[in-house]
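Undergrad: What would the 3D arrangement of this be:
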Amino acid sequence: MFEDEKDDKIYNLIISQGTDMKNEYGQFTEKLFSKVDFLWKESISGSYAHAGESFYSKVDRIILLAGLYKDNVELFENLIEASKKYEIPIVLVRPLGVEEVPELLESKAATIVGWNANCIIDSIKHADELI
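TA: Numbering: from 1, shown residues only. Prediction:
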């Protein structure tokens, strides 16, 4: 079910950023870029709390990098609220090298994934089936 599926969809993602001491954002996007048959783009807003329906209606998935949660709580809260309001599935990515994720995030996620590129892509593609 991984790469044998032909999928021409361009997935519009929000990927959590912010304070990132371990460069998890950079490492995560490298995983996405490594899968050349996975088409995606990223939507970024100066304020996710104030971005409205016209912004969120184009977003397919919200990716939360759990390793960034502690230093970016407000950002995560804004993205979780948007996920709920606009019915956008959350793909929660475990912190690098750690299996545990914060319970609050786990309860909001459609799916939780580690750092395997194939698993990440599969989770993004099928997150809406899991909510």
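Undergrad: need the longest helix for this structure.
TA: Ranked by number of residues, the top helix in the chain under DSSP state H is helix 73-86.
Undergrad: which element is the residue nearest to the spatial centre of the chain on?
TA: Computing the C-alpha centroid of the chain and ranking residues by C-alpha atoms, centre = their mean puts Ile63 first, at 0.8 Å. Element membership of Ile63, judged by DSSP states H and E, is strand 61-65.
Undergrad: Taking helix 73-86 as reference, get the angle to that strand.
TA: Orientation note: strand 61-65 sits at an angle of 160 degrees relative to helix 73-86 (axes from the mean of the first three to the mean of the last three C-alpha atoms, to 10 degrees).
Undergrad: all numbers from here: first residue = 167
TA: Okay, using 167 as the starting number, the last item reads as strand 227-231.
Undergrad: Show me what the longest helix of the chain is in contact with.
TA: Contact with helix 239-252 is made by 180, 182-184, 213-215, 217, 219, 222-223, 225, 228, 230, 234-235, 254-256, 271, 274, as judged by C-beta atoms under 8 Å, 6 or more residues apart in numbering. Using the backbone N, CA and C atoms, a C-beta is placed for each residue, glycine as well.
Undergrad: The helix or strand that comes right after that helix pairs with which strands, and in what direction?
TA: Heading C-terminal from helix 239-252, the first helix or strand you meet, by DSSP H and E, is strand 256-259. Using DSSP bridges, strand 256-259 pairs in its sheet with strand 227-231 (parallel), strand 277-279 (parallel).
Undergrad: what is the mean pLDDT for the first one?
TA: Taken as a whole, strand 227-231 has a mean pLDDT of 98.
Undergrad: Please apply the same query to stretch 235-249.
TA: Stretch 235-249 carries an average pLDDT of 97.
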